[in-house]
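# sequence first, then the predicted structure:
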Amino acid sequence: MRTSQLLIPTLREDPGEAEVVSHRLMLRAGMIRKVAAGIYTYLPLGLRVIRKIEHIIREEMNRAGAQEVLLPILAPAELWKETGRWEYYGKELFRCHDRHERAFCLGPTHEEVITDLFRREVRSYRQLPLNCYQIQTKFRDEIRPRFGLMRGREFIMKDAYSFDVDEEHAKRSYQKMYEAYHTIFTRCGLRFRAVEADTGLIGGTMSHEFMVLADTGEETILYEETGPYAANVEQAAVPPPHACSDEPLQPIEKISTPQAKTVEDVCAYLKIPPTRLVKTLLYQLKTGDVVAVLLRGDHEANEIKIKRYFGAADLALADPKTVQSVSNAPVGFAGPVGLRNIRIVADQAVYAMRNFVVGANETDAHFINTNWDRDFTVEAFVDLRRAKSGDPSPRGGGRLREAKGIEVGHVFLLGTKYSQAMKATFLDQAGQESFAVMGCYGIGVGRTAAAAIEQNHDGKGIIWPVPLAPFHVHLLPVSRAEAVERTTRKLYHALQDAGVDVLWDDRDERAGVKFNDADLIGAPFQIIVGDKGLVKGTVDLKYRQTGQTRGLAPNDVVSSILHQLSPSQ
Ligand code: ATP
Ligand code: MG
């Protein structure tokens with residue numbers, strides 16, 4: 001295609017609104033424009049990348065035996081009420097009414113709609129397994145839409161739903177999707193990792209997230225350096241301590257710790273490392289109950305694990321007023337000794353400790369030489385802390401390392417949560433009504449494009465992985481000389497005829513402007529056609545990734561590009 005015939009409004013300056021590099025570069029390269037918070041128009045370049053990702057997804061989903069459908073964006077409230085999610089989903093669910101005052105929502109995901117289809121259309125085990133997918137616009141009224149396509153309110157998602165006769169077959173469907181996702185992200189040319197993920201309270205039984213590795217990612221993952229285990233930090237388990245301390249128990253003693261409220265303050269005042277202190281976090285559950293969680297001073301709470309332990313839909317650190325009424329002291333002095341009428345649970349690391357420091361439930365006071373069982377009791381020692389780099393792997397494969405990632409895909413074994421709620425049954429081999437066992441599988445298409453940029457860019461612009469590039473070759477004539485024009489035109493047609501995606505910068509612009517735009521837009525190959533080179537019988541092939549340039553005879557361009565696009569041929 002020709003630049004003069006495409007809307008590619010590149011920007012020289014960084015747009016102020018963009019905080020992350022992918023958002024900045026998508027705006028600067030003229031790929032997207034904002035219409036409202038979290039709502040974007042895809043311009044031709046942006047849409048080409050989206051379509052390339054969709055194409056790869058379609059091929060792999062079809063290959064894995066899934067079939068494409070297209071569900072409506074608008075869904076009736078009744079379906080969402082059947083599963084309870086009309087209430088549960090909260091404000092992220094965008095609700096609206098039609099002219100008859102009937103309630104609808106814009107689909108943020110489609111379990112309800114697809115389960116409704118299943119219960120109407122599928123009768124027998126003979127029709128299973130069934131896996132339907134769509135590539136469609138989703139709407140989630142995200143509280144903080146940000147980072148361009150990374151966290152939009154309106155965004156394109158591939159979502160798939162599998163139905164099986166039992167758990168074992170559902171796991172097979174899950175495994176197929178897991179493998180398809182591996183192939184999809186590999187084909188996209190991305191560096192990624194599949195990690196074990198939290199399944200939530202009423203969620204399913206198995207879940208993996210696919211993370212594109214990038215320092216700017218919002219998610220933290222932990223992985224074994226030498227083994228296969230990798231997990232979202234929310235999920236990563238910490239193995240129990242090897243042995244208890246064998247220090248003799250010392251007598252407990254209350255001491256004054258004026259103004260020492262934080263772990264750092266107390267440790268500095270008492271000249272002890274934080275590993276000698278146990279902090280007491282007071283959490284308020286959604287039910288209103290307050291509970292105490294004990295953690296070693298240098299450890300961080302993992303609220304997902306705490307929620308799971310208490311079976312709580314939600315929890316938050318208790319507010320200062322509640323802390324005062326429960327512990328008789330302002331925030332910073334709570335401790336387990338003498339704390340009455342509330343549940344106390346300790347992280348397993350506390351089990352290994354002796355003679356530690358805790359808050360005394362009194363302003364400006366702590367206990368030293370505290371010991372569990374002798375001075376207070378806990379209902380259990382469990383894994384409640386956030387795993388971190390350097391921790392031993394829960395699977396025994398050495399130490400864990402931390403990395404940042406962007407969640408681009410998610411596979412989830414749902415079990416019968418939705419089929420039970422919506423009575424989606426089939427007749428099994430014995431003629432009995434049985435609930436379908438489901439899985440759901442999402443890929444953020446726009447987020448994948450953004451993640452590709454986060455992973456592949458430099459100071460000048462985007463460096464597209466070949467499979468996602470809006471154009472493979474950017475053809476850049478540097479003058480209007482007749483020989484330049486003629487060679488460019490010939491190359492343009494030859495590349496097009498060979499099936500190469502080529503963008504010809506046919507604008508009447510200075511060479512410098514064209515070069516800057518080409519580096520910004522990020523096609524992997526640039527062909528620079530200049531007067532001087534043509535005198536020697538060559539054009540320049542510049543690699544966007546390395547900036548290296550080499551001369552080529554115009555007649556060799558097509559074969560060289562084709563070879564590099566698919567080196568195996
Ligand atoms: P997140 O934790 O980032 O909000 P999620 O767990 O809500 O993601 P899923 O419901 O599993 O996401 O959706 C499937 C996929 O859709 C995600 O893996 C992600 O790639 C994409 N996605 C989710 N929310 C957004 C959004 N607001 N903007 C763009 N893509 C999104
Ligand atoms: Mg979300």
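Noted; the coordinates are in hand. Ligands and ions are numbered 1, 2, ... in the order given.
# what's near enough to touch residue 511?
Taking CB atoms under 8 Å, 6 or more residues apart in numbering, we find residue 511 in contact with 476, 478, 479, 530. Placement of C-beta: from N, CA and C, glycine included.
# name the helices or strands packed onto the helix or strand encompassing the first one?
By that I understand residue 476. For residue 476, the element it lies in under DSSP states H and E is strand 473-477. Packing partners of strand 473-477 (3 or more CB pairs under 8 Å, 6 or more residues apart in numbering; DSSP states H and E): helix 482-497, strand 502-504, helix 511-521, strand 525-529.
# how about JSON lines for these, with mean pLDDT added?
Formatted as JSON lines, the helices and strands packed on strand 473-477 follow (pLDDT from 0 to 100):
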{"stretch": "helix 482-497", "mean pLDDT": "98"}
{"stretch": "strand 502-504", "mean pLDDT": "98"}
{"stretch": "helix 511-521", "mean pLDDT": "97"}
{"stretch": "strand 525-529", "mean pLDDT": "98"}
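# contact partners for residue 198?
207, 232, 234, 235, 304.
# next, count neighbours for the fourth one.
Here the neighbour count serves as a burial measure; for residue 235 (other CB atoms under 10 Å) it reads 21.
# A helix includes it, no?
No - counting by DSSP: H, G, I helix; E, B strand; the rest coil, residue 235 is not found in a helix; it is coil.
# was I right about it contacting residue 219?
No - at 10.9 Å, residue 235 does not count as touching residue 219 under the criterion of CB atoms under 8 Å.
# how about the contacts of residue 198 in TSV, adding distance to residue 411 and pLDDT?
Formatted as TSV, the contacts of residue 198 follow (distance: CB to CB, whole Å; pLDDT from 0 to 100):
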residue	distance to residue 411	pLDDT
207	7	94
232	13	91
234	16	88
235	14	89
304	18	93
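# still on that earlier bit, ok, the strand holding residue 476: who's next to it in the sheet?
Looking at strand 473-477 with DSSP bridges, its partner strands are strand 502-504 (parallel), strand 525-529 (parallel).
# need those in TSV (columns: distance to residue 421 and mean neighbour count).
Formatted as TSV, those follow (distance: least, CB to CB, whole Å; neighbours: other CB atoms under 10 Å):
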stretch	distance to residue 421	mean neighbour count
strand 502-504	50	25
strand 525-529	52	25
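# the helix or strand hosting residue 159 close to ligand 1?
Element membership for residue 159, per DSSP H and E: strand 154-164. Yes - under the criterion of CB under 6 Å from any ligand atom, ligand 1 is reached by strand 154-164 at 155, 157.
# could you do stretch 125-138 as well?
No - legend: contact between stretch 125-138 and ligand 1 by CB under 6 Å from any ligand atom is lacking; minimum distance shown is 7.3 Å.
# kindly export that stretch (C-alpha atoms) in CSV.
Taking Å, rounded to 0.1, in the frame of the first residue of the first chain, the C-alpha atoms of stretch 125-138 are listed here in CSV:
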residue,chain,number,x,y,z
TYR,A,125,-23.1,-36.9,25.1
ARG,A,126,-22.7,-37.8,21.4
GLN,A,127,-22.5,-34.0,20.6
LEU,A,128,-19.6,-33.6,23.1
PRO,A,129,-16.9,-32.3,23.4
LEU,A,130,-17.9,-28.9,22.1
ASN,A,131,-15.7,-25.9,22.0
CYS,A,132,-17.0,-22.6,20.6
TYR,A,133,-15.0,-19.5,20.2
GLN,A,134,-15.5,-15.9,19.0
ILE,A,135,-13.4,-12.9,18.4
GLN,A,136,-15.5,-10.0,19.5
THR,A,137,-15.6,-6.6,21.2
LYS,A,138,-16.0,-6.8,25.0
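# from the middle of its chain, how far away would it be?
23 Å (CA atoms, centre = their mean, to the nearest Å).
# quick one: residue 279 and residue 262 touch, right?
No - counting by CB under 8 Å, residue 262 is not a contact partner of residue 279; they are 9.1 Å apart.
# out of the two, which sits in the more crowded spot?
A count of neighbours by other CB under 10 Å puts residue 279 above the other of residue 279 and residue 262, at 24 against 12.
# show me what the strand or helix carrying that one is packed up against.
In this structure, residue 279 sits in strand 278-285 according to DSSP H and E. If you count contacts as 3+ CB pairs under 8 Å, 6+ apart, strand 278-285 packs onto strand 290-296, strand 315-317, helix 320-327, strand 356-359.
# what's the closest of the ones you listed to residue 410?
strand 315-317 (23.4 Å; CB to CB).
# re earlier: what's the offset of the strand holding residue 476 from the middle of its chain?
35 Å.
# likewise for stretch 554-569?
36 Å.
# stretch 289-300 too?
For stretch 289-300, the distance to the chain centre is 27 Å (CA atoms, centre = their mean).
# quick check: buried residues in it?
290, 291, 292, 293, 294, 295, 296, 297, 298, 299 (16 or more other CB atoms under 10 Å).
# which strand or helix spans the residue nearest to residue 93 when sequence neighbours are not counted?
Excluding the flanking residues, the one nearest residue 93 by CB to CB, 6 or more residues apart in numbering is residue 105, at 5.1 Å. Using DSSP H and E, residue 105 falls within strand 103-106.
# for the lowest-mean-pLDDT helix or strand in the chain, packing partners?
Lowest on mean pLDDT, DSSP states H and E among the helices and strands of the chain sits strand 230-232, with a mean of 91. On a contact count with 3+ CB pairs under 8 Å, 6+ apart, strand 230-232 meets strand 192-196, strand 219-224.
# for those strands, which one sits closest to ligand 1?
Smallest distance to ligand 1 across these (CB to the nearest ligand atom): 7.7 Å, for strand 219-224.
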